[in-house]
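> task: produce atomic coordinates for the following.
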Amino acid sequence: MSLRIEQIEESRRKQRPASDAELAFGRYFTDHMMMWNFSAEQGWHDLRIVPHQPLTLDPASMILHYGQQVFEGLKAYRTAEGGIHLFRYRDHLARLARSAARLCIPAFDQQQFADALRQLVLLDRHWVPESDGCALYVRPTIIATDPFLGVRPSQTYLFYVILSPVGAYYPEGFNPVRIMAHDSYVRAVAGGVGEAKTAGNYAASMLAQLEAKKQGFTQVLWLDGKEHRYVEEVGTMNIFFKIGEEIITSPLTGSILPGVTRDTTITVLRDWGYTVSERALTIDAVLAAAADGSLDEVFGTGTAAVISPVGHIGFRGKTERVGDGLTGELSQRLFDHITALQYGRVPDTHGWVERIDL
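Sure, this is the predicted structure:
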């Protein structure tokens with residue numbers, strides 16, 4: 001299948017922000033997008049790069065009624081030499097394929113998509129920010145488009161990719177956040193779609209998030225959906241706890257998104273000689289460790305923030321401080337190392353980085 005490219009007219013090109021300092025997350029979008037259609041008769045067809053444009057959907061499209069949708073989030077980085085890197089993008093595409101399978105969306109050719117994605121990024125390469133901490137965010141999305149009211153998998157789909165230059169996630173510094181555990185709301189349950197990156201998981205998290213913010217917390221620490229005891233994720237990130245000499249993160253039990261940054265973090269920590277356990281951990285054990293001083297650090301991991309240190313944990317009206325309440329040494333070291341990998345400042349020994357502008 002060939003890739004069709006329709007470049008935007010010069011007169012219609014968007015004005016980039018004057019400086020990278022003006023960038024925020026998800027506010028600006030580049031000149032082009034990628035689109036790919038599926039039908040039961042033709043399979044995936046008409047792969048194309050076109051000017052960024054609104055979507056035209058029938059109001060009966062199944063995505064709008066039954067939420068059959070998946071998406072991904074990854075980044076392109078500009079190196080100090082001016083090259084462009086993609087970080088673990090093939091792992092993101094593999095996860096997208098797994099999410100699609102969970103939502104009954106037909107499989108797509110990952111290599112063909114990867115080739116087109118590289119061309120899209122290179123076409124809009126002048127949008128990749130140059131400042132440290134900034135990047136070009138890549139958002140692939142697949143939606144069900146059948147104009148049909150009835151609960152069944154759609155027979156037509158639209159796969160599209162948009163690009164957004166984003167600023168540093170911590171423009172005011174790499175500071176710890178306050179998180180609050182909930183035992184009345186859950187993000188997902190084993191056997192559901194928690195392990196898929198689908199919009200419904202995020203919609204379901206918003207009420208608890210708003211309540212946490214009203215109480216002075218930044219994010220929600222999600223507990224398991226069965227016993228409401230075991231820590232699973234924080235906000236839209238996976239989470240790690242350093243208790244003594246052990247670093248603990250929840251196992252992938254089917255209710256947790258298998259984060260690419262989570263896997264990167266586990267691999268790097270083990271490379272450094274740390275003991276990393278993927279095991280169940282109760283909120284009571286976390287708070288007890290915070291109270292007796294053995295909880296040294298807590299941090300979330302995700303594409304947007306990379307590493308997000310946690311300074312305080314609240315639960316049932318009580319708040320415990322993590323360590324000294326400041327950014328931990330390990331959190332800082334991880335953030336510095338993983339971002340250095342992404343920008344090509346340190347050797348990549350795992351084959352995670354691919355330079356695409358050669």
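> so residue 348 sits right up against residue 341, yeah?
Yes: Residue 348 lies in contact with residue 341 (C-beta atoms under 8 Å); the separation is 5.8 Å. (Each C-beta comes from the backbone N, C-alpha and C, glycine too.)
> any idea of the mean pLDDT in the helix or strand residue 331 falls within?
Following DSSP states H and E, one finds residue 331 within helix 329-342. Helix 329-342 shows a mean pLDDT of 97.
> would you mark the buried spots in it?
Neighbour-count burial for helix 329-342, with 16 or more other C-beta atoms under 10 Å as criterion, is recorded at 330, 331, 332, 334, 335, 337, 338, 339, 341, 342.
> and stretch 88-103, by the same measure?
88, 89, 90, 92, 93, 95, 96, 97, 99, 100, 102, 103.
> leaving out sequence neighbours, find the closest residue to the third one.
This points to residue 90. residue 114 (6.4 Å; C-beta to C-beta, 6 or more residues apart in numbering).
> wait, which of the buried residues of helix 329-342 is closest to residue 33?
residue 342 (23.3 Å; C-beta to C-beta).
> need the contact list for that closest one.
75, 77, 85, 87, 135, 306, 353 (C-beta atoms under 8 Å, 6 or more residues apart in numbering).
> which of those residues has the largest number of neighbours?
residue 135 (27 neighbours; other C-beta atoms under 10 Å).
> residues touching that one, list them.
Listed by C-beta under 8 Å, 6+ apart, the contact set of residue 135 reads 75, 76, 77, 78, 128, 129, 165, 166, 342.
> residue 63 now?
Contacts of residue 63 (C-beta under 8 Å, 6+ apart): 57, 69, 143, 144, 145, 154.
> the fifth one and residue 156 touch, don't they?
Yes: contact between residue 145 and residue 156 holds when scored by C-beta under 8 Å: they sit 4.7 Å apart.
> picking that back up, from the contacts of residue 63, which is closest to residue 182?
Of the contacts of residue 63, the one sitting nearest to residue 182 (C-beta to C-beta) turns out to be residue 69, at 25.0 Å.
> where does the prediction get shaky in this structure?
1, 171-172 (pLDDT under 70).
> try it again with 90
For the chain, the stretches flagged by pLDDT under 90 are 1-2, 11, 15-22, 24-26, 80, 132-133, 167-174, 182, 236, 357-358.
> give me the domain ranges for it.
4-166, 177-342 (automatic domain parsing).
> can you give me the helices in the chain?
Applying DSSP state H to the chain gives helices spanning 62-66, 89-102, 110-123, 199-203, 206-214, 260-271, 283-292, 329-342.
> can you give me the strands for the stretch 51-200 of the chain?
Using DSSP state E, counting those that start in this stretch, the strands assigned to the stretch 51-200 of the chain run over residues 69-71, 74-78, 84-87, 135-144, 156-166, 177-182.
> no further questions, thank you.
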